[in-house]
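Trainee: predicted model and sequence below, questions to follow.
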Amino acid sequence: MNASSLVADTVWKTVESTQSVTEEQLSILHFLFGKNFERATKIVDQRGVKKISGHPSGRSIFQVMGESRRKEEYLCFPEHYCACYSFFYDIVNRGEQLCCKHQLAARLAAASGAFIDVKVSDEQLALLLIKL
């Protein structure tokens, strides 16, 4: 894990524990993630993040709105995976970024509680996950 990842993890843990984001934390995250963070905050501001939780297990995944005119939605696990093209191209393939804007949006929304909460059965959640 590199220094940027360690700094980002420290900031995220603080944000998650307090469920609020300070200007200083926003500045650090912006410095680390640049335009992707700007785009992620825009997605969160537009209420473009849904947390889909299965019942009764409580397992969850995030569905994050894209920015294109097609308004695609991407399933993602904020710290590990996103179904978008950028995740595979910029992160997995080229290793140029720590995460995509959808992961950032999901993590920011989760930390601040700024997501739309959707409850589904565990069976419905499983059907969503099969598509990954």
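Mentor: Cool, got the structure.

Trainee: can we go C-alpha only for contacts and neighbour counts from here?
Mentor: OK.

Trainee: point out where this protein drops to low pLDDT.
Mentor: 1, 69-70 (pLDDT under 70).

Trainee: can you give me the buried ones in the longest helix along it?
Mentor: Longest helix of the chain, by residue count under DSSP state H: helix 3-18. Residues Ala8, Val11, Trp12, Val15, Glu16 are the ones in helix 3-18 that count as buried (16 or more other C-alpha atoms under 10 Å).

Trainee: need these in a markdown table (columns: distance to Phe77).
Mentor: Shown next, in a markdown table, are the buried residues of helix 3-18 (distance: C-alpha to C-alpha, whole Å):
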| residue | distance to Phe77 |
| --- | --- |
| Ala8 | 16 |
| Val11 | 18 |
| Trp12 | 15 |
| Val15 | 18 |
| Glu16 | 15 |
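
Trainee: tell me which two in those residues are the farthest apart.
Mentor: Greatest spatial distance among the buried residues of helix 3-18 (C-alpha to C-alpha): Ala8 and Glu16, at 12.1 Å.

Trainee: quick one on the thing from earlier: gap between the longest helix of the chain and the chain center?
Mentor: Its chain's C-alpha centre and that of helix 3-18 lie 14 Å apart, by C-alpha atoms, centre = their mean, to the nearest Å.
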